[in-house]
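J.: sequence first, then the predicted structure, then my questions.
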Amino acid sequence: MTPVRVEVFGRTDVGQTREHNEDSFLVADLSRRVASLQPDVREHDLGPRGTLFVVADGMGGAAAGEIASEMATDTIYNHMLSEWTNDPENTEQRFAYRLKEAVEVANQQIHQYAREHPEHRGMGTTTTACGVYGTALYLTQIGDSRGYLIRGGVIHQITKDQSLMQRLVDAGELTEEEAAVSERRNIILQALGPDPNVKVDLTRQDLRKGDVLVMCSDGLSGPVKNDDMQRIVNTNTELVAVCKALIDLANERGGPDNITCIVARFGGDDLPAPDGDEAVGHQVYPLLDTESTTEPVPVYRPDADSSKRATETVSRTDPPAAPPAPETPPEPKKKWWPF
């Protein structure tokens, strides 16, 4: 039997209107303890400790958003290395718990960093982290970066935005089409960093042979609609070409924000073929452990400028150093949105 085979690529771009890129992403083979986009990670067999993908969209203005997003990706990765890969309990429940725990630890570290560095007050980041373990995906969601699954050529959103517009859609007060063009579409209900506690949305999705995962920041999911993503994935066999085509299209449509995507394809004999009857979508995964319960944080508006840093590889171990404080700290670009 051929084990689960993972093919993956990722890319980030500053877009057309921002001065800085505050997005970050990370791809890691946890079994071999390596994070990169080198050939041995871009195509690998899923090991006993799984694989990790993270997309983070920083906010806070100046360098604060960049620091927050890199701290999120680094902390989640390092926590999974230190806690999960050394955990004697190698089960899907434990894997999901450690992934959720890693996001909560990242929030605590970013929050504490901002308290200790007043020049970066208001810093935060959305974060979508996906762990692949066994024959399933486990996703943790904070904010409005997204995860999609293309199965049998059909795209499905498998995360749910933690945003004001999503709340209004769920309540039946807006349609999806109205929410997409609303002036308030960038108001999110959670981010890592602003509050000491977060409520992590943890979901699970069974994998099938040929499934394609797309994870992205809202700089992609805003201008590039589901049908466009589906078409690009279905008409490009090379994942490098898929990432380039997605980002190029976002830039052609104005590139109003930083643009980041990770695209992964899954195969191997361990995965069954799709039969068309499987449930695909946002499926909450309940944990037996209940160590972390948090209250919702105040609403946050992601409208900060970003910084130019377009990369195609990620391999980090330590959080980035803070830049020197300006003589007069700038006002934070992110504002609490009062209810």
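T.: Arrived safely.
J.: give me the low-pLDDT residue ranges for this protein?
T.: 1-2, 61-63, 289-339 (pLDDT under 70).
J.: center of it - which residue?
T.: residue 128 (2.6 Å; C-alpha atoms, centre = their mean).
J.: show me where the chain has strands.
T.: Counting by DSSP state E, the chain has strands at residues 5-13, 23-29, 34-35, 43-45, 51-59, 124-133, 136-142, 146-151, 154-157, 201-206, 212-216, 259-267, 299-300, 336-337.
J.: now the ones you listed in a markdown table, with distance to residue 164?
T.: Bear in mind the C-beta positions are built from the backbone N, C-alpha and C, glycine included. Supplementary listing: the strands of the chain in a markdown table, determined by distance: least, C-beta to C-beta, whole Å:
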| stretch | distance to residue 164 |
| --- | --- |
| strand 5-13 | 26 |
| strand 23-29 | 21 |
| strand 34-35 | 33 |
| strand 43-45 | 39 |
| strand 51-59 | 15 |
| strand 124-133 | 14 |
| strand 136-142 | 15 |
| strand 146-151 | 16 |
| strand 154-157 | 18 |
| strand 201-206 | 16 |
| strand 212-216 | 20 |
| strand 259-267 | 22 |
| strand 299-300 | 6 |
| strand 336-337 | 8 |
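J.: which among these is found nearest to residue 71?
T.: Among the strands of the chain, strand 124-133 comes nearest to residue 71, with 7.7 Å by C-beta to C-beta.
J.: how far out from the middle of the chain is the closest one?
T.: Remark: strand 124-133 is offset 4 Å from the chain centroid, using C-alpha atoms, centre = their mean, to the nearest Å.
J.: over to stretch 190-208?
T.: For stretch 190-208, the distance to the chain centre is 10 Å (C-alpha atoms, centre = their mean).
J.: try stretch 119-136
T.: In terms of C-alpha atoms, centre = their mean, the centre of stretch 119-136 is found 5 Å from the chain centre.
J.: hey, what's the residue nearest to the centre of the chain bridged with?
T.: Beta-bridge partners recorded for residue 128 (DSSP bridges): residue 55, residue 141.
J.: list the contacts of residue 132.
T.: 4, 6, 46, 50-53, 138, 207, 264, 266 (C-beta atoms under 8 Å, 6 or more residues apart in numbering).
J.: and the longest helix for the chain?
T.: helix 92-116 (DSSP state H).
J.: the inter-axis angle of that helix versus strand 201-206?
T.: Angle, helix 92-116 to strand 201-206, by axes from the mean of the first three to the mean of the last three C-alpha atoms, to 10 degrees: 150 degrees.
J.: picking that back up, mind putting the contacts of residue 132 into JSON lines with neighbour count?
T.: Putting the contacts of residue 132 into JSON lines (neighbours: other C-beta atoms under 10 Å) gives the following:
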{"residue": "4", "neighbour count": "23"}
{"residue": "6", "neighbour count": "24"}
{"residue": "46", "neighbour count": "23"}
{"residue": "50", "neighbour count": "26"}
{"residue": "51", "neighbour count": "25"}
{"residue": "52", "neighbour count": "25"}
{"residue": "53", "neighbour count": "25"}
{"residue": "138", "neighbour count": "24"}
{"residue": "207", "neighbour count": "24"}
{"residue": "264", "neighbour count": "22"}
{"residue": "266", "neighbour count": "24"}
